[in-house]
Structures are given as C-alpha cells and as structure tokens.
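Novice: sequence first, then the predicted structure, then my questions.
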Amino acid sequence: MLVKRHIGAVVAAGLLAVGTGVVGALLASGATSLPVTAYQEEGDATSLIDASAAALSRVGVDGVNMNSQGTKVTSPSSDARAQLARAHSLGLKADLLIGNFSESLGDFDEAAANRMLSSTANINAVVSTLSSAVGAQGWDAVTIDLESLQARDTAGLTQFATALKKALPAGKTVGIDVTTFTSLNEFAQNGYDLTALGKAVDTVALMAYDEHGFGDSGPGPVGELSWQKRGLDLLLSKVPANKVDLGVAGYGYAWSPNGDVKQVGDKQARDTVSENGATARYDTTAGEWTAILGDGTVLWWSDTRSFAARRTLAANEGVHGLAVWDLGLSDTITA
C-alpha cells in the first residue's frame, strides 16, 4: 500500500497511445516467473482482480484500520470479504492489510499506531481480532501496513509482528510494508528494525514509490529506478532476498503551477495528456512517463512499461517478487 491519498506505451502524432507488444521485449530472462501481489481497495470493483488475475499470485485487500486510541481494530467489511471471495474463486491467495490510516486526518496516524505499539494489552487485542478474522473468514495472510512511524515505534512494531505471527492459524503468513529510505539510519529513525522484522515476518514489501508526490517534494518521478535500487539494496543487507518484494507504483501525480498536487491513475494520466494536446515521453533513467501540459502542469506516472522495468530490477536483485499499488489506479497487470 499503501498510498491512500494511499501494454507498454508509445507516443505518436503528439498523442499517447497504448500497446502491449513491447512488454515482452523489456523483460529480463526469468523475470516473468516472479510472483506478483496486487493491492486492492476494499470498495473497488472486484472485476479489477479478474482483469489481472492471470499475472497475479496474491491480492492484498486494504483493509482494516485501528481506532485513534490504538485499542482495537475494525473487522473486515463485507466489501473486503467480497474481494477475498473473488481472489479465492480465481485461485489467488488473499491477504488482509492492517493499517493506521485515519479518515479524519486524511493521512496515516502515527499517534494511534504508537498507542497500540506501546501497549502489550493493545497489541494483544488487535492480534486477537486479526487472528479470529483470518481463522473464520479464510484469509491467507495479514500484511502490516503501519506508516509514518517514528523511532519510538520500533520495539512495538517488532513485538506486534512477532505476536501476530505466533497467533495466526497454522499455514497463515505475516507480511509487512516498509517505506523506502536511502540510509539505514533513516530506516531506524522511522520505526524499522529491519533485521528483527526480517526474522519476525514471512515477507517484507518495500514501498518503492512516493519519492515525489504529496508534500513539498515538487515534481519528479514517483519512484526513480536508481532510488528504488538504493533502498532495495539497503533492505537486502538486512533481510533475506527470498523474503523481499519490490513495491511498484501503478499511478502518478500531477503538479499544477499553483502548487496543487493530485494523484492520477495510469489511464487518467494518458487521457489528460491526450485531451490537452501534449506529448508524453518515457524517461529511461527514471523508468517512468512524464509530460508538461500547456498550463504548466507537470505529470509523472508509472505504468505497464514502468512495471516491466521494475520486474527486471527485481529479477536482477534476486528478490522474491513484486507488489503493485493498486489495481484501481494501475494498468491491467500482464504476465
């Protein structure tokens, strides 16, 4: 996940057109065999899973969130259970995400996470609810998606992951999503004891996106390839490669001259470029598309061609697989 705010392409005659044939030529040998997890918002159409099912191994359903006091977590909604049922009907595993996103804040709530992570009683209450949901509803895994954390959350996060793994029914797994940083000190200062987490969980997904986006970053790639590799190499220095998934963006951002920033899906980005008579170019260094509209709005987005480049990166780095956020924004994922 993780962004809650969370085919290949060619330019012809000044307009962006989509084509699928280029993808195969971009893949490294063996890259297509990497397992792919795609994240899905609980309220999105389950048909999105159908469209990409042939290329997927798992669907991560977002999910459930803790309350502001950190004392409990919501139960999976009927929408979330519908995503679970559709994934299973297609032979895919389904993972339930537990997060600290606050609708009232419109962002991740570190204070709520800390109230949970600093209390063994609260950790046990949340673990009990999640374990019961997994056992009763048939989820295959729980993914911990606690974001915007601080150093004070480090010990509690490891304790939570360990307790959750121990409590889940036999055969069920635990994953965790971690934000990308480019120094080990930054990982530590943001609540991640990578070595301990790598031992406590079954998979670690590196959220290798939002290098630029909301906030004061200014326009730029959602996740430039060399930036992703730096973060991935640091993670791999602490966590076994067979536990690591490279997170891939299936979306972009538009920065207007007045400073407004909007998240855009892949199709929305292409349509915006076409409707404005602009020209998009694929930046091979970033591994993403970019365009400047007539009014000065700058777009960057990561699409299927970008995904192919990340699949090659993941294969070259020898990691377990890929994790794409999210089906409601991205192009259809193809094998």
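Specialist: Happy to help now that I have it. Numbers count the residues shown, from 1 in each chain.

Novice: going by C-alpha atoms from here, please, whenever you check contacts or count neighbours.
Specialist: Fine.

Novice: run through the stretch 1-150 of the chain and note the low-pLDDT ranges.
Specialist: 1-32 (pLDDT under 70).

Novice: which residue ranges of it form strands?
Specialist: With DSSP state E, counting those that start in this stretch as the criterion, the stretch 1-150 of the chain has strands at 9-12, 15-18, 36-41, 58-65, 93-99, 101-102, 107-108, 141-145.

Novice: what packs against the fourth one?
Specialist: In terms of contact count using 3 or more Cα pairs under 8 Å, 6 or more residues apart in numbering; DSSP states H and E, strand 58-65 is assigned the packing partners strand 36-41, helix 78-89, strand 93-99.

Novice: and the longest one, which residues are buried?
Specialist: By neighbour count on 16 or more other Cα atoms under 10 Å, the buried set for helix 78-89 is Asp79, Ala80, Arg81, Ala82, Gln83, Leu84, Ala85, Arg86, Ala87, His88.

Novice: summarise which helices and strands it is packed against.
Specialist: So helix 78-89, by 3+ Cα pairs under 8 Å, 6+ apart, packs with strand 58-65, strand 93-99.

Novice: residues contacting it, please?
Specialist: Residues from elsewhere that reach helix 78-89, judged by Cα atoms under 8 Å, 6 or more residues apart in numbering: 40, 42-43, 46, 49, 58-59, 61-63, 93-95, 137, 139.

Novice: what's the answer for stretch 124-134, then?
Specialist: So stretch 124-134 is contacted by 66, 71-73, 75-76, 139-142, 160, 163-164, 167-169 (Cα under 8 Å, 6+ apart).

Novice: show the buried residues in the residues you listed.
Specialist: Buried members of the contacts of stretch 124-134, counted by 16+ other Cα under 10 Å: 66, 71-73, 76, 139-142, 160, 163-164, 168-169.

Novice: which of these sits closest to Leu206?
Specialist: Val142 (15.9 Å; Cα to Cα).

Novice: ok so, going back, out of the helices and strands packed on helix 78-89, which comes closest to Gly321?
Specialist: Closest to Gly321 of those, according to Cα to Cα: strand 58-65, at 10.9 Å.

Novice: for the residue nearest to Leu313 when sequence neighbours are not counted, the count of nearby residues, please.
Specialist: Of all residues not flanking Leu313 in the chain, Lys229 sits nearest, at 7.8 Å (Cα to Cα, 6 or more residues apart in numbering). Using other Cα atoms under 10 Å, Lys229 has 20 other residues around it.

Novice: then Ser148?
Specialist: Using other Cα under 10 Å, the number of residues around Ser148 comes to 17.

Novice: contacts only, for it.
Specialist: By Cα under 8 Å, 6+ apart, the neighbours of Ser148 are Phe108, Asp109, Glu110, Asn190.

Novice: TSV for the buried residues of helix 78-89, including distance to Pro221?
Specialist: Shown next, in TSV, are the buried residues of helix 78-89 (distance: Cα to Cα, whole Å):
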residue	distance to Pro221
Asp79	32
Ala80	31
Arg81	34
Ala82	34
Gln83	31
Leu84	32
Ala85	35
Arg86	33
Ala87	31
His88	35
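
Novice: go through those residues and say which is closest to Glu317.
Specialist: Taking those together and measuring to Glu317 by Cα to Cα, the closest member is Ala87, at 28.5 Å.

Novice: dump the buried ones among the contacts of stretch 124-134 into TSV; add distance to Thr312 as well.
Specialist: Shown next, in TSV, are the buried ones among the contacts of stretch 124-134 (distance: Cα to Cα, whole Å):
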residue	distance to Thr312
Met66	36
Thr71	42
Lys72	40
Val73	37
Pro76	35
Trp139	30
Asp140	27
Ala141	26
Val142	27
Phe160	33
Ala163	35
Leu164	33
Leu168	34
Pro169	35
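
Novice: farthest pair in those residues?
Specialist: Thr71 and Asp140 (24.2 Å).

Novice: make a ChimeraX selection of the buried ones in the contacts of helix 78-89.
Specialist: Buried members of the contacts of helix 78-89 can be picked out in ChimeraX with the line below, counting by 16+ other Cα under 10 Å:
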select :40,42,43,46,49,58,59,61,62,63,93,94,95,139
